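**Q** can you look at this prediction? I've put the sequence above it.
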Amino acid sequence: MREKLMAALKEAMKSKETTRVNTIRMVQSAIKDLEIANRTKPDATVTDGDIAQLLSKLVKQREESAKVYDEGGRPELAAKEREEIAIITGFMPKQLSDDEVTEAIKAAIAETGAASIKDMGKVMALLKERFPGQMDFAKASGQIKAQLG
């Protein structure tokens, strides 16, 4: 994923797309921050899964900012945030459909042997391990609760 970001940065610089260049640099900076934060952990490597989760987080931050800008009467800033969202999502892995998420949850529940809400953590951990950045885990937790409750 890092190579893909680097290639996209070079391409954007050649075509003088300043917004794209700035957004990709911001993503690379966030990845470096994640690497620095992980240095104290025993397994200090940052995987593509970690990067995918980071990209999801960055998208959510921008969605919240765009909403605040819309409510504050600043449509030009909201449009800039949405432009960044479009650039970031271009690097994210393909998102699972609602049906695929439901099937993944059912499979994770069966695999972990989850029987009640108390086992929800096991199911979420398995999903986060297998599908990093491919689903909205906040929505998935609601579905897990419904299936386990």
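**A** Perfect, I can see it now.

**Q** only C-alpha atoms for contact and neighbour calcs from this point on.
**A** Fine.

**Q** the most centrally placed residue in the chain: which element?
**A** For the chain, the residue nearest the mean C-alpha position is residue 56 (1.7 Å; CA atoms, centre = their mean). According to DSSP states H and E, residue 56 maps onto helix 48-71.

**Q** and that helix, what does it pack against?
**A** helix 18-38, helix 75-89 (3 or more CA pairs under 8 Å, 6 or more residues apart in numbering; DSSP states H and E).

**Q** tell me which of these sits most buried.
**A** helix 75-89 (a mean of 17; mean count of other CA atoms under 10 Å).

**Q** please save the CA atoms from that helix in CSV.
**A** Extracted C-alpha coordinates of helix 75-89, given in CSV (Å, rounded to 0.1, in the frame of the first residue of the first chain):
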residue,chain,number,x,y,z
PRO,A,75,-19.8,25.0,2.0
GLU,A,76,-16.4,25.7,0.4
LEU,A,77,-14.6,24.1,3.4
ALA,A,78,-17.1,21.2,3.3
ALA,A,79,-16.4,20.7,-0.4
LYS,A,80,-12.6,20.6,0.3
GLU,A,81,-13.1,17.9,3.0
ARG,A,82,-15.3,15.8,0.6
GLU,A,83,-12.6,16.1,-2.1
GLU,A,84,-10.1,14.7,0.4
ILE,A,85,-12.5,11.9,1.2
ALA,A,86,-12.7,11.0,-2.4
ILE,A,87,-8.9,10.9,-2.7
ILE,A,88,-8.4,8.8,0.5
THR,A,89,-11.1,6.3,-0.4
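
**Q** pull the CA atoms of the helix or strand encompassing residue 128 into CSV?
**A** Using DSSP H and E, residue 128 falls within helix 120-130. Output in CSV follows, covering the C-alpha atoms of helix 120-130 (Å, rounded to 0.1, in the frame of the first residue of the first chain):
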residue,chain,number,x,y,z
MET,A,120,-19.0,-9.8,21.3
GLY,A,121,-15.3,-8.8,21.8
LYS,A,122,-14.1,-12.1,20.3
VAL,A,123,-16.3,-11.7,17.3
MET,A,124,-15.2,-8.0,16.7
ALA,A,125,-11.5,-9.0,17.1
LEU,A,126,-11.8,-11.7,14.5
LEU,A,127,-13.6,-9.3,12.1
LYS,A,128,-11.0,-6.6,12.6
GLU,A,129,-8.3,-9.1,11.9
ARG,A,130,-9.8,-10.5,8.7
